[in-house]
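sequence and predicted structure are below.
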Amino acid sequence: MEELKYEYWWAAMPRAHPGRVKAVAEAAGSTRRLYEADREELISIDGISEKYADDIIRKRSEWDIDREYDKFLSMGIDFIPWYDPRYPGRLREVSGHPFAIFTIGKVPAEDKPSVAIIGARNCSEYGRMVAKNFGSDLGSQGVQVVSGMAYGIDGLSQTAALDAGGDSFAVLGCGVNICYPRSNQGLYERLKVSGGIISEYGIYTEPKANLFPARNRIISALSDVVIVVEARTESGTMITVDMALEQGREVAVVPGRITDPLSTGCIMLWKQGALPVTCASDVLSLLGGGYEDKRCVNSIPVIKLPADEKRAYSVLEPYAKSVGEISDITGMDLRTAVCALVELCIKGLAHEASSGYYVRVKECRVV
Amino acid sequence: MFSSVLSFGIRGIEGFCVNVEADISDGMPMFELVGYLSGEVKEARERVRTALKNSGFDFPVKRITLNLSPGNVRKQGTGYDLPMAVAILAAMGAIDKAALSKTLIIGELKLNGDVGGINGVLPMVICGRKMGIKRCIVPADNAAEGAMVRDVEIIAVSDLKQAADHLNGKEVIGPYIPDEGSGPKPVEKGGADLKYVKGQAAARRGLEIAACGMHNLLMVGAPGAGKSMLAKCIPGILPPLSGEEALEVSSIYSVAGLLGDNRKLITERPFVSPHHTVTDVAMTGGGTYPRPGNISLSHRGVLFLDEMPEFSRYTLEVLRQPLEDRKITVSRNYGTYVYPADFMLVGAMNPCPCGAYPDLSKCSCTETARKRYMSRLSRPLLDRMDICVDVMKLGYDDMLSGKMAESSGEVRKRVIRTQKIQSERFLGTGMMFNSQMGADEILEYCSLKPEVREWFSHALKKLDISARGYSKILKVARTIADIDELEEIGRDHLAEAIQFNNSYIMG
């Protein structure tokens, strides 16, 4: 118990390289030794430079370890060091795993498959639709959805998984008690109940750009398959993919249009050998272990529509089209087109993506 | 010897009567001006004395007292110069006092005795007519302006001598007759006619509905899509100003000194487009000596705010009260002034800071940046915008097609017809347009058949439309049904109105 206090202190230490934390603790023998050692002794430990030793000493003097630890205990946040049996096995098996993780809620269950759904924050309506479909279908099949709770693909797939009754886990690039981005507060609260919030950073750590690449290695480590929905070739998502490949995780991509800048990353990965997936059952078969024979959950419903709506629906795409374009293509006059589109929105088949622009949000066979 | 001359001042956009009283008595020679005067009125002492001398009159070496009554109202402007000089001449006996009765005199004096033009002559003459004044002596520069008012004899004078001779009957000037060229002109000017607007079917439709019900309009579109051009077309599709309205608008411009050099009656609906750096005072009117602001200058016309989110928050928020009350009350040190401000607000904005959204191959704005940009328009202000239209960038086919679209004149016919239906509906309520309906009127005039109501409530639920969206949709649907000349609001009217109540922007 006493030892945990020093481990908590060591895990909450700000540092240059997250992978070094555990290595240094191991080299030192115990975190208590790190806390009690003087400068000479610290420098003698493998992996501690003079500068790092100074950082440690400074942090020690700034921090009242007893008070901070008591404060932490009262917050209802779990602290799980790497040797703890609750520490996720998927995470422990990868090299460079965090020394400890802070969690609110649960950690991903070992006996359930888990899938990361990741992609662009600034995603297209197409990405939005795909993320929701995958999140929802996988969540309803008992697959745990892991992601970064960011805007766009991340948050949408996680929300959809929760809506479908599944569990979802968010790995944050800040302290677990900080909701980032702020506008996902609703999702953050829901994740605490059905799933969990995970971070290797100490509580109250502010989100900083340089913390996010490292948290991506945890997202990929916690999952069996990483699905990339939409990503540009140079993006944070690509960092996660690199990590996943290093960790031996399967990477799957959702194909998009070759001309779409948001699909360039996916298509590049596809060319490099990533598996294309088009529905949740594709992902389930990748997971194996009895999941592959589940039915294709993304079956297309049949729906009956009046003629005008049918025409309008037929030209809608997951990429936004304006009312004017729709009326031009279908040859319907503007008013008829507008009325049909509003009806489609009411029926949940279309969505107004931006002022006067419509997208198809649900695939149906229209009769 | 005492004399009194009738003159006028301006409060808000209304004239008020000022008696310019002069007394010449024996005593120490002096020239005193009293009557709660602002700086420029006090300076009249030098102008009047010099002008009298240079017009061939002897300035009396006596004790001269001038009073501008009522003494408790602040006087400002240079229009009192001429009445002061006339009052002195009358007190001297150089002008027959009987000639001054029921005669309104206004004008600025120059040192050589010339009479210069002033602002606000039109409302002064209008006010004078109400008081039963038959004759107005005004500067020649303002003659056309004064002649807009019927039944009042306008005497145009260009110097002090002329005015004195006229009053003495030495050389009588005939009443000013406006030249015939000043009649109403055709509306089209500067190419702002809908026939030059290619494509943009959705935006044209939104514009027409907005004009029909005088709904405030928000246009969203990429830079260069033609938002400003569309906005400029609105005055041309609104019904022409009625005679009453034209005088009202001209009065405001007269007070603001914006009637232009020829000072003719304004017959076109105003289109005011302030730059986004405009201050709140310039918007509402005000200043130490209040002047009408942009919202009053767009009275009976269109106030167009291009790049609306770039306006300062405060400047936009001050629009809220006048949008409700259709007038603005400005209180300053020297009094409280009411300016009319019954305008149609038309805003234009980009869909995101870079303008390319939802085209994600060009738009690089993050969701946060987009939300921040949208949030610059406050919710209460957006609540007052009934219609939101999307202005698309023009396709090359549309651009190159030589086809002329429907002209403003054609659209205007429908607008006039629809507005007539509304004015008949609201007869005697003080309202004129569907956009002015409150909760009670919506209940009365926007009743839905049971099956339509059921569909509408289902739609509201599914599309997550708020209570304020609900009443906006009903008001716009009422206008659309009026365009179709239907008493009953149908499903298609509601559906179209829902599309114009843009959830993406309006929330």
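That came through, no problem.

point me to the residue of chain B nearest chain A.
Closest contact between chain B and chain A, by CB to the nearest CB, is at residue B:390 (2.7 Å). C-beta coordinates here come from the backbone N, C-alpha and C atoms, glycine included.

in a strand, that residue, correct?
Yes - applying DSSP: H, G, I helix; E, B strand; the rest coil, one finds residue B:390 inside a strand.

how about it: what's its closest non-neighbour residue?
With CB to CB, 6 or more residues apart in numbering or on different chains as the criterion, residue B:390 has its nearest non-adjacent residue at 2.7 Å, and that residue is residue A:356.

can you pull the contacts of that neighbour?
The neighbours of residue A:356, taking CB atoms under 8 Å, 6 or more residues apart in numbering or on different chains as the test, are A:322, A:323, A:324, B:202, B:220, B:389, B:390, B:392, B:499, B:502.

now go through those residues and say which are in strands.
Secondary structure from DSSP state E places A:322, B:220, B:389, B:390 of the contacts of residue A:356 in strands.

around residue A:207, how many other residues sit close by?
Neighbourhood size, residue A:207 [other CB atoms under 10 Å in any protein chain shown]: 16.

contact partners for it?
A:172, A:173, A:174, A:178, A:180.

try residue A:347
Contacts for residue A:347 (CB under 8 Å, 6+ apart) come out as A:303, A:305, A:309, B:462.

then residue B:322?
Applying CB under 8 Å, 6+ apart, we find residue B:322 in contact with B:284, B:295, B:328, B:341.

who in the stretch 351-500 of chain B is up against chain A?
When proximity is defined as CB under 8 Å from any CB of the partner chain, the stretch 351-500 of chain B approaches chain A at B:351, B:357-361, B:363-368, B:371, B:388-390, B:392, B:458-459, B:462-463, B:491-492, B:495-496, B:498-499.

local confidence estimate at residue A:102?
Among the per-residue scores, residue A:102 holds a pLDDT of 94.

wait, isn't it in contact with residue A:203?
Yes - using CB atoms under 8 Å, residue A:102 is in contact with residue A:203, at 6.5 Å.

just want to know which of these two has more residues nearby.
Comparing residue A:102 with residue A:203 by other CB under 10 Å, the one with more neighbours is residue A:102, at 26 against 19.

which of the three states applies to the more buried one?
Under three-state DSSP, residue A:102 comes out as strand.

can you pull the contacts of it?
A:11, A:77-80, A:175-176, A:198-203.

again with residue B:5
B:19, B:20, B:21, B:22, B:83, B:84, B:86, B:87, B:90, B:100, B:103, B:105.

of the contacts of residue A:102, which belong to strands?
Per DSSP E, the contacts of residue A:102 map to strands at A:78, A:79, A:80, A:198, A:199.

ok, back up a step: kindly identify which of the contacts of residue B:322 also come near chain A.
By CB under 8 Å from any CB, no member of these lies near chain A.

make a PyMOL selection of the buried ones in the residues you listed.
Of these, the buried ones go into a single PyMOL selection, burial set by 16 or more other CB atoms under 10 Å in any protein chain shown:
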select buried, chain B and resi 284+295+328+341
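
return the residues of the stretch 201-350 of chain A in contact with chain B.
Contact residues (CB under 8 Å from any CB) of the stretch 201-350 of chain A with chain B: A:259-262, A:320, A:322-325, A:327, A:334-335, A:338-339, A:341-343, A:345-348.

surely residue B:394 touches residue B:199?
Yes - with contact defined as CB under 8 Å, residue B:394 reaches residue B:199; the gap is 5.3 Å.

who's more crowded, these two?
Neighbours were counted for residue B:394 and for residue B:199 using other CB under 10 Å; residue B:199 has more, 22 against 17.

and that one, how far is that from residue B:368?
Per CB to CB, to the nearest Å, residue B:199 is found 33 Å from residue B:368.

cool, and residue A:210?
19 Å.

show me the contacts for residue 287.
No chain specified, so I'll use chain A. Shown in contact with residue A:287 (CB under 8 Å, 6+ apart): A:113, A:115, A:143, A:224, A:225.

my bad, chain B
Counting by CB under 8 Å, 6+ apart, residue B:287 touches B:281, B:332.

quickly list the domain ranges of chain B.
According to automatic domain parsing, chain B is divided into the following domains: B:2-178, B:194-424, B:437-507.

now do the same end-to-end measure for the second one.
I take that to be domain B:194-424. 28 Å (CA to CA, to the nearest Å).

just how off-centre is it within its chain?
Centroid separation for domain B:194-424 versus its chain: 13 Å, with CA atoms, centre = their mean, to the nearest Å.

just to revisit the earlier point, just the buried members of the residues of the stretch 351-500 of chain B next to chain A?
Using 16+ other CB under 10 Å as the burial test, those include B:351, B:357-360, B:363, B:365, B:367, B:388-390, B:392, B:459, B:463, B:491-492, B:495-496, B:498-499 as buried.

tell me the one among the ones in strands among the contacts of residue A:102 nearest to chain B.
Nearest to chain B among the ones in strands among the contacts of residue A:102, counting by CB to the nearest CB, is residue A:199 at 21.2 Å.

what's across from that closest one in the sheet?
Beta bridges link residue A:199 to residue A:102, judged by DSSP bridges.

return the residues in contact with it.
Per CB under 8 Å, 6+ apart, neighbours of residue A:199: A:101, A:102, A:103, A:171, A:172, A:173, A:174, A:175, A:176, A:205, A:215.
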